[in-house]
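[1] I'd like to go over a predicted model; first the sequence, then the structure.
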Amino acid sequence: MRLSDGANAIFGDLPAKASTMVEVPVGAGDALGTTIHRLSAVGAIADALSAELTGSTEPALVVGGDCGVEFAAVAHAYRDDTCVVWFDAHPDLHSPESSESGAFSGIVLGALLGRADAELRSSGIATASPAIPPSRVVLAGTRSFDDAEDAFVDEAGIATVSAFDLDPQEVVDAVARTGASSIYIHIDLDVLDPSTFDGLLDPQPFGLEPAALVAVIHALRERFELTGAGICSFAPATAEAAADDLGTILRLVGALAR
């Protein structure tokens, strides 16, 4: 419900003519014989979002929900010249086997890299085609790794840029080294430091200042074409408390949509 309140709060401040609400199905969903919790709901949301995105050739900004909504958004926007820049406190790189929680939000980037293909296909859910190569991912501001994710990052050679004293040029250079000429920008709001932003489901210390994140987005957009973007995991404690963080979110929206 906190994610729903957050999504609705942002939706109310977006241009009505350029915005569409994609409804989340009622009900908890079913694992469909896998270890991924609520996988039927994941598939339904992915289908609905894909249908909405397919109707436009313009880059889309997908807002709301948790990181799981990014699966269809990234898969739609990804091209063979694209780097996925993942601004997130967590890498979300688990496979279904390594995830202790079974939450798709912690598997979503791993799924985009093909780590959940067997489970998705067995459940009739379309996989990312083609799977994104690890060499076309940059983790930025990520600071809370499970052991299995840490091992996968080392094994796959995924580029990371620390949240500590993050410099916009450092992120631009990391993307440039992937050979990409376009970017998809994912922002889980928990990449921000909890002292500067309240509405977080899983706050992690030592995150980015909002101004630093805006500066990095501007620097990336100066250098690379934007194919799409997402802002997720806004979870205000109450609908009224959402107003305290909306200024920061709208600054991020403005940097992405300019």
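    Good, I have the coordinates.
[2] And the helices in the stretch 151-258 of the chain?
    Per DSSP state H, counting those that start in this stretch, the stretch 151-258 of the chain carries helices over the ranges 168-177, 210-223, 243-257.
[3] just checking, what packs against the shortest one?
    Think helix 168-177. Contacts defined by 3 or more CB pairs under 8 Å, 6 or more residues apart in numbering; DSSP states H and E place helix 168-177 against strand 82-87, strand 137-140, strand 159-161, helix 210-223. (Each C-beta comes from the backbone N, C-alpha and C, glycine too.)
[4] Kindly check the end-to-end length of stretch 232-246 for me.
    13 Å (CA to CA, to the nearest Å).
[5] What of stretch 141-153?
    End-to-end for stretch 141-153, by CA to CA: 14 Å.
[6] ok, back up a step: can you redo the helices and strands packed on helix 168-177 as CSV with mean pLDDT and distance to S50?
    Shown next, in CSV, are these (pLDDT from 0 to 100; distance: least, CB to CB, whole Å):
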stretch, mean pLDDT, distance to S50
strand 82-87, 98, 17
strand 137-140, 98, 21
strand 159-161, 98, 28
helix 210-223, 98, 25
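[7] Quick one: closest of those to G27.
    Closest to G27 of the helices and strands packed on helix 168-177 is strand 82-87 (CB to CB; 29.2 Å).
[8] Keeping just the C-alphas, turn whatever helix or strand comes next after the closest one into CSV.
    Once strand 82-87 ends, the next helix or strand along the chain (criterion: DSSP states H and E) is helix 108-112. Extracted C-alpha coordinates of helix 108-112, given in CSV (Å, rounded to 0.1, in the frame of the first residue of the first chain):
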residue,chain,number,x,y,z
VAL,A,108,15.0,-8.3,-11.8
LEU,A,109,18.4,-7.3,-13.1
GLY,A,110,19.5,-10.8,-12.9
ALA,A,111,16.5,-11.8,-15.0
LEU,A,112,17.3,-9.2,-17.6
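[9] right, and the helix or strand after helix 108-112?
    helix 117-122.
[10] quick one: buried residues of that next one?
    117, 119-120 (16 or more other CB atoms under 10 Å).
[11] List the contacts of that helix.
    Residues outside helix 117-122 that contact it (CB atoms under 8 Å, 6 or more residues apart in numbering): 32-36, 39, 43, 96, 111, 126-127, 131.
[12] switch the cut-off to 7 Å
    Helix 117-122 has contacts (CB atoms under 7 Å, 6 or more residues apart in numbering) with 34, 36, 96, 111, 127.
[13] cool, stretch 234-249 as well?
    2-3, 5-7, 9-10, 13, 189, 197-201, 210, 231.
[14] now swap in stretch 58-71 and tell me
    3, 6-7, 10, 42, 45-46, 49, 53, 73, 77, 88, 92, 104-105, 108, 111-112, 186, 188, 226-233, 253, 256-257.
[15] isn't E52 right next to V22, touching?
    Yes: counting by CB atoms under 7 Å, E52 touches V22, with 5.7 Å between them.
[16] For A60, name its beta-bridge partners.
    Counting by DSSP bridges, A60 is bridged to G228.
[17] coming back round to it: from the contacts of stretch 58-71, list just the buried residues.
    Counted by 16+ other CB under 10 Å, the contacts of stretch 58-71 give 3, 6-7, 10, 42, 45-46, 49, 53, 73, 77, 88, 92, 104-105, 108, 111-112, 186, 188, 226-233, 253, 256 as buried.
[18] which among the contacts of stretch 234-249 gets closest to D173?
    Using CB to CB, P210 comes nearest to D173 of those, at 22.3 Å.
[19] separation between the closest one and G254?
    Counting by CB to CB, to the nearest Å, the gap from P210 to G254 is 12 Å.
[20] higher neighbour count, the two?
    P210 (19 against 11; other CB atoms under 10 Å).
[21] how long is stretch 175-190 end to end?
    End-to-end distance of stretch 175-190 (CA to CA): 21 Å.
[22] That concludes my questions; thank you for your assistance.
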